[in-house]
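Engineer: just need the structure, nothing else, for what follows:
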Amino acid sequence: MKSLKLLFCGCLVSLLGCAGSEPAAKRSVNADEARAQSSQAFDALDGKQVSDQPVEMPVATPAPVSPVMTVDASKGSLSDLLHSYACPNADDLRGQGIAGDANSALTLAQKEIAAKIQSVVVAKTQETRQANVDAAGKESIQSSFEAKTQVITRLQNAQDAKPIVTLTMAGKYGVAACMRKSDAAKPFVKEAGLLQDSVTLAAKLFEEQKHPIIKNKAFKTVRDVYVRSLAVQDVLDGLGVKSENRTKTIYESVLQKYNGFRSQYAFYYQENKNADANVVKQSRLVFERISAKYPVRAAACSNGLMLTLSVSPAVCDEKSLGFSCTATLNLNGSSCDGESYFSINANVKGSGRYESKEAIDRLNENISKGDWFNGWVAELDKWRLE
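Structural biologist: Residues are numbered from 1 along each chain as shown. Sure thing, here's the model as predicted:
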């Protein structure tokens, strides 16, 4: 510790003086000279053992505070004197803080550095939001990703923001601290690697899915993780740290396959054409209701949801108030290969006062306009690809 203190005094004597020498720290101090002197102190502290655990702000980091030098008010304000000390490297992130004790002042200096990193995150995220849209022209960044941009409201590796000078004046302490951009980038480098692995895994899951709804969700996962990786990459670029983004080629391959999947996806409809005339008519009425609300193709199923309708012949009963006819409608949804996804049904009635034909006509009208279809809509809506 004594050698460290002597090192600081030797390095900084020309600026502020040490133990009674004439202080010389002023705003006109030569920046290159100050930076060179600060670099020696910075490198000396670089050898100290510190915790590797992330430290949440505003809790003070256990990083050592540099030896305290007492200055008097005649040399200028504490803030101005701190400004006289430049970082070892011109592009280092710098922060300073003034508080009632040295540790609190260091915490404030680290918090100022964290704010500068945060500003890079926000700026780069905005660029990414503007540059990345999906095929439909909508932003592909979700609210969960927007929240992610707030992750650096704390300095995750605060121990790398090291004090270059600690001054005291009239019971107040001031600390100037510096952080290399490569150190500031450490959490982002780690996250970039994790996100690239996540994109690779999500792409594999997308490739394996046959179920259209799950496949659609799998693509959204690939897209969201990919865009997050772009944002992190932009932050690294903003911090001057270059790293390889391996996800672009993977994502472009997934996107091409997804666009092909979406272009073919539809509801395919199949009806029983060998039924009697009433059943055929009722099947047609059901088809018209479905096709009015969903993209339905009356063709061979290639990629999408196969809808198979069966209509039971109407059963009519004569009662005291006339005739009542009931038909059972059953709709099965499956893959083009025949894997069943769901089955829904409805009993639709019609009544007539004088004859069964009147009841059948009412039955057909209810098939065409009745509320029974609302239950089917609730199921079919699940199979739309958003």
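Engineer: give me phi/psi at Gly338?
Structural biologist: In terms of degrees, to the nearest 10, the main-chain angles of Gly338 are phi 100, psi 0.
Engineer: distance check, it against Cys301.
Structural biologist: From Gly338 across to Cys301, the span is 9 Å (Cβ to Cβ, to the nearest Å). C-beta here means a position set from N, CA and C on the backbone, and glycine is covered the same way.
Engineer: repeat for Ile360
Structural biologist: Taking Cβ to Cβ as the measure, Ile360 and Cys301 are separated by 32 Å.
Engineer: repeat that for Ala99.
Structural biologist: Separation of Ala99 from Cys301 (Cβ to Cβ): 71 Å.
Engineer: more neighbours: those two, which one.
Structural biologist: Cys301 (20 against 17; other Cβ atoms under 10 Å).
Engineer: mind listing what the more buried one touches?
Structural biologist: Residues near Cys301 by Cβ atoms under 8 Å, 6 or more residues apart in numbering: Tyr268, Gln270, Cys336.
Engineer: cool, Cys336 as well?
Structural biologist: Tyr268, Cys301, Ser302, Asn303, Gly304, Met306.
Engineer: SS state for it?
Structural biologist: Cys336 falls in the coil class when you classify it by DSSP: H, G, I helix; E, B strand; the rest coil.
Engineer: in the stretch 151-300 of the chain, which ranges drop under the pLDDT threshold?
Structural biologist: 151-155, 271-275 (pLDDT under 70).
Engineer: my error: substitute the stretch 1-150 of the chain in the last question.
Structural biologist: 1-66, 123-150.
Engineer: tell me, how many neighbours does Gly75 end up with?
Structural biologist: Residue 75: Lys, not Gly. 18.
Engineer: wait, it sits on Leu81?
Structural biologist: Yes. Applying Cβ atoms under 8 Å, one finds Lys75 in contact with Leu81, separated by 6.4 Å.
Engineer: Tyr173 contacts Val68, doesn't it?
Structural biologist: Yes. With contacts counted by Cβ under 8 Å, Tyr173 reaches Val68, the gap being 7.1 Å.
Engineer: which one of the two is surrounded by more residues?
Structural biologist: Tyr173 (21 against 15).
Engineer: list the contacts of the nearest residue to Lys349 once chain neighbours are set aside.
Structural biologist: Spatial nearest neighbour of Lys349, chain neighbours left out: Thr326 (4.9 Å); criterion: Cβ to Cβ, 6 or more residues apart in numbering. The contact partners of Thr326, by Cβ under 8 Å, 6+ apart, come to Ala314, Val315, Cys316, Asn347, Val348, Lys349, Gly350, Leu363.
Engineer: redo those residues as CSV? Include pLDDT.
Structural biologist: Output for these, formatted as CSV (pLDDT from 0 to 100):
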residue, pLDDT
Ala314, 88
Val315, 90
Cys316, 88
Asn347, 94
Val348, 94
Lys349, 91
Gly350, 90
Leu363, 92
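Engineer: in CSV, list the residues you listed along with distance to Lys382 and secondary structure.
Structural biologist: Converted to CSV, the contacts of Thr326 look like this (distance: Cβ to Cβ, whole Å; DSSP: H, G, I helix; E, B strand; the rest coil):
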residue, distance to Lys382, secondary structure
Ala314, 30, coil
Val315, 31, strand
Cys316, 35, strand
Asn347, 22, strand
Val348, 22, strand
Lys349, 27, strand
Gly350, 29, strand
Leu363, 28, helix
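Engineer: who wins for neighbours among those?
Structural biologist: Busiest of the contacts of Thr326 [other Cβ under 10 Å] is Leu363, holding 26 neighbours.
Engineer: residues touching it, list them.
Structural biologist: Leu363 neighbours (Cβ under 8 Å, 6+ apart): Gln282, Ala314, Cys325, Thr326, Ala327, Val348, Lys349, Gly350.
Engineer: could you say which helix or strand contains the fourth one?
Structural biologist: Here Thr326 sits within strand 322-334, counting by DSSP states H and E.
Engineer: the closest residue to Pro295 other than its chain neighbours: neighbour count?
Structural biologist: Spatial nearest neighbour of Pro295, excluding adjacent residues (Cβ to Cβ, 6+ apart): Ala266 at 5.2 Å. Residues lying near Ala266 (other Cβ under 10 Å) number 18.
Engineer: separation between Lys349 and Glu318?
Structural biologist: Distance, Lys349 to Glu318, by Cβ to Cβ: 14 Å.
Engineer: apologies, that question was intended for Ala266.
Structural biologist: From Ala266 to Glu318 the distance is 44 Å (Cβ to Cβ).
Engineer: check Asp371 too.
Structural biologist: 26 Å.
Engineer: who's more crowded, these two?
Structural biologist: Glu318 (12 against 8).
Engineer: which SS class is the more buried one?
Structural biologist: Applying three-state DSSP: Glu318 is strand.
Engineer: is it in a bridge, and if so with what?
Structural biologist: Phe323 (DSSP bridges).
Engineer: equivalent analysis for Ala176, please.
Structural biologist: Residues in beta-bridge contact with Ala176 (DSSP bridges): Gln96, Val165.
Engineer: relative to Asn216, how far out is Ala299?
Structural biologist: From Ala299 to Asn216 the distance is 22 Å (Cβ to Cβ).
Engineer: so what's Tyr268 up against?
Structural biologist: Applying Cβ under 8 Å, 6+ apart, the residues near Tyr268 are Val296, Arg297, Ala298, Ala299, Ala300, Cys301, Ser302, Gly304, Leu305, Met306, Leu307, Cys336.
Engineer: now, of these, which are buried?
Structural biologist: Val296, Cys301, Gly304, Leu305, Met306, Leu307, Cys336 (16 or more other Cβ atoms under 10 Å).
Engineer: where exactly do the helices run in the stretch 151-300 of the chain?
Structural biologist: For the stretch 151-300 of the chain, the helices defined by DSSP state H, counting those that start in this stretch occupy 181-184, 186-208, 212-238, 247-264, 277-293.
Engineer: if we can go back for a sec, can you redo the contacts of Thr326 as JSON lines with distance to Thr168?
Structural biologist: Formatted as JSON lines, the contacts of Thr326 follow (distance: Cβ to Cβ, whole Å):
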{"residue": "Ala314", "distance to Thr168": "96"}
{"residue": "Val315", "distance to Thr168": "97"}
{"residue": "Cys316", "distance to Thr168": "100"}
{"residue": "Asn347", "distance to Thr168": "87"}
{"residue": "Val348", "distance to Thr168": "88"}
{"residue": "Lys349", "distance to Thr168": "91"}
{"residue": "Gly350", "distance to Thr168": "94"}
{"residue": "Leu363", "distance to Thr168": "93"}
